[in-house]
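Trainee: model this:
(chains A and B)
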Amino acid sequence: MDDKSKIEIRDLNVFAGKTQILKNINIDIPKNKITVILGPSGCGKTTLLKCLNRLTDLYPELKVSGQIMIDGNNILAAKEDIYKLRQQMGLLSQRPYPLPMTIYNNISYALKLRGIKNRRETHKLVMHYLEQANLWDEIKNRLREPASRLSIGQQQRLCLARGLAVNPEIILADEPTSALDPISSQFIEETFVRLKTDYTIVLVTHVLRQAKRIADNVVFMYLGDVIEQGSAEEVFGNPKMEKTRFYLSGTFN
Amino acid sequence: MTRGQKIEEKFFKALMILATYFILAILAIIIYSIFEKGLRSISWEMLTQVPQGGYYYGKGGGILNAILGSLALAAGATLLAFIIGLPVALYINVFLIRHKKVINVIRFLLDLVWGIPSIVYGAFGFSLMIFFGLQTSLLAGILTVTLFVLPIMIRSMDEILRTVPIGLQEAAYSLGSNKSEIAFKVFTRQSISGIITAVLLSFGRAIGDAAAVLFTAGYTDHMPNGLLEPVATLPLSIFFQLSSPVPEVQNRAYASALVLTLIILIVSLFSRGLGKRYHKTKINF
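Mentor: Model (predicted):
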């Protein structure tokens, strides 16, 4: 066990009824690195990500067993304070979901959940997080507009800023650029690379090129199994498993 | 397209057009006859006075008692149904999310009671009144109509709330929101225009129903005079005027129907305006 691991997943199994979505998953996710979970559609990447902040609780049909240790605490244990736990992680989903309020309030709401109510401090932090997400300059005059008026790319960066505003240690991203144009995607990727000095980033993607551009660490999944995991150089440069080689060469996707 | 497909397409298109315009024409005829007959006998006197002695045989007076009575009754019942209904709809959609079977049972029961005719609610309200020793009154009417519109209110709000995307819920949960915050900050805000529609729908049903108020709110020629006094309502007023043998009074019934229609129209336009205003803050999908 690497002492720099932020998240350790042990014997994780997820069933949806009789179908097994995740099969005995064991993964170590290193601190302050970008870990990319790679694999074809339907391999369980998204479910794995949802286990990490227990959004699986929202789906009654999912049965989760095993251990997910974050800084040594098993978050799947029932007694954990689920709301506090989720604040350790910022989530970026496939499509941006701004809350039905103004741009400003999308961030200030997150700050409020974190316990920051002082107006001056809120102002300062809203600006800070919008800058972090590369959005401030574009929208600084539109803060009182409904967030829904932003373009999809801007909405996604707003969601990133909102995710950062709860002051997480981990960023979970589920194909965050799949609905975005190339420039917005590039913004998000650059932001991730910049943010990894402060955050542990787990990125789910099926875009191989994206993985190659920004991954430090790669987990390759196929049909609910982890086929191979390791540093990006290892997995991309010298894949050990046949399935990984097939996938990397584009034989299936 | 083959010839067969073309004929099929034409046939079904014609069928849809026919059905649509047929039903629109019927509605237009109803509205036309209300306006045509109603406008003839509507007068300032009718809107501003209560029935005088012999009103139902052609003497002077108006239906102000019924207008105000209906407004008070429908507003009271809608407000009460909203106060009870919104928490129920939120509870179903936010707190019961892991209990699909319970949700299904609740929805089934609500749909069932939605279909019960209002006269049965009236009879139920009446038997309750006897049990508690109440007489016909505005309060009894409001309580009965509240029961009658509750299923409508809850299920219409429920249908709107269940369209809140799971991704939006996940986004809010991932920030560490608890369930009551999700209920009020996300579900209610996101669905505000639909909630207004549900309120309007319930108001329309509440103000238009005669059977539920027949035994419970009673009827009177006097102005509404407090919660514990009987109160006149427009549907019953229409009924009594239509039952009169005097043609002039029957025409007044149409004038009363016109008033009822206009009230619903105004409320509808007003809530639409409100809905649009709030709609702007919604997510644009």
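Trainee: how much space is there between A:Arg213 and A:Met221?
Mentor: To A:Met221, A:Arg213 is 19 Å away according to CB to CB, to the nearest Å. Bear in mind the C-beta positions are built from the backbone N, C-alpha and C, glycine included.
Trainee: Can you tell me how far the nearest residue to B:Val186 once chain neighbours are set aside is from A:Leu52?
Mentor: Residue nearest to B:Val186 in three dimensions, not counting chain neighbours: B:Ala172, with 4.8 Å by CB to CB, 6 or more residues apart in numbering or on different chains. For B:Ala172, the distance to A:Leu52 equals 17 Å [CB to CB].
Trainee: out of these two, which sits in the busier spot?
Mentor: Residue environment comparison for B:Ala172 versus A:Leu52 gives the larger neighbour count to B:Ala172, 26 against 23, counting by other CB atoms under 10 Å in any protein chain shown.
Trainee: just checking, that one touches A:Met101?
Mentor: No - under the criterion of CB atoms under 8 Å, B:Ala172 lies out of contact with A:Met101, with a separation of 10.9 Å.
Trainee: residues shared between the contacts of the two?
Mentor: B:Lys185 (CB atoms under 8 Å, 6 or more residues apart in numbering or on different chains).
Trainee: follow-up on the earlier one: more neighbours: which of A:Arg213 and A:Met221?
Mentor: Taking other CB under 10 Å, A:Arg213 and A:Met221 do not tie; A:Met221 has more neighbours (25 against 16).
Trainee: what's the following helix or strand after the helix or strand A:Tyr83 falls within?
Mentor: Take DSSP states H and E as the rule and A:Tyr83 turns out to sit in helix A:82-87. Note on helix A:82-87: by DSSP H and E, the next helix or strand toward the C-terminus is strand A:89-92.
Trainee: Partner strands of that next one, with direction?
Mentor: For strand A:89-92, the pairing partners within the sheet under DSSP bridges are strand A:170-174 (parallel).
Trainee: how far does the partner strand sit from the chain's center?
Mentor: With CA atoms, centre = their mean, to the nearest Å as the basis, the distance from the averaged C-alpha position of strand A:170-174 to the chain average is 1 Å.
Trainee: next one: stretch B:40-50
Mentor: Here the centre of mass of C-alpha atoms in stretch B:40-50, compared against the chain's by CA atoms, centre = their mean, lies 25 Å away.
Trainee: What average pLDDT does stretch A:125-137 get?
Mentor: Model confidence over stretch A:125-137, given as mean pLDDT, is 93.
Trainee: residues near residue 119, how many?
Mentor: All of this is about chain A. Close neighbours of A:Arg119, defined as other CB under 10 Å, add up to 9.
Trainee: wait, chain B
Mentor: Counted with other CB under 10 Å, the burial measure for B:Ile119 works out to 14 neighbours.
Trainee: Which helix or which strand is home to it?
Mentor: Here B:Ile119 sits within helix B:118-132, counting by DSSP H and E.
Trainee: Please save the CA atoms from that helix in PDB.
Mentor: What follows is helix B:118-132, C-alpha atoms only, in PDB (Å, rounded to 0.1, in the frame of the first residue of the first chain):
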ATOM      1  CA  SER B 118     -67.200  15.300  -6.100                       C
ATOM      2  CA  ILE B 119     -70.700  14.500  -4.800                       C
ATOM      3  CA  VAL B 120     -69.000  11.700  -2.800                       C
ATOM      4  CA  TYR B 121     -66.700  14.200  -1.200                       C
ATOM      5  CA  GLY B 122     -69.800  16.300  -0.500                       C
ATOM      6  CA  ALA B 123     -71.500  13.400   1.200                       C
ATOM      7  CA  PHE B 124     -68.300  12.600   3.100                       C
ATOM      8  CA  GLY B 125     -68.000  16.200   4.200                       C
ATOM      9  CA  PHE B 126     -71.600  16.200   5.200                       C
ATOM     10  CA  SER B 127     -71.300  13.100   7.400                       C
ATOM     11  CA  LEU B 128     -68.200  14.700   9.000                       C
ATOM     12  CA  MET B 129     -70.200  17.800   9.700                       C
ATOM     13  CA  ILE B 130     -72.900  15.800  11.400                       C
ATOM     14  CA  PHE B 131     -70.300  14.000  13.400                       C
ATOM     15  CA  PHE B 132     -68.800  17.300  14.700                       C
END
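Trainee: Spit out the contact partners of the residue nearest to B:Ile119 when sequence neighbours are not counted.
Mentor: If you skip the residues right next to it in sequence, B:Ile119 has B:Ala211 as its closest partner in space, 3.9 Å away by CB to CB, 6+ apart. Residues in contact with B:Ala211, defined by CB under 8 Å, 6+ apart, are B:Pro117, B:Ser118, B:Ile119, B:Tyr121, B:Gly122.
Trainee: and the second one, how many residues sit next to it?
Mentor: Residues within reach of B:Ser118, counting by other CB under 10 Å, total 21.
Trainee: And for the last one?
Mentor: Counted by other CB under 10 Å, the residues lying close to B:Gly122 total 23.
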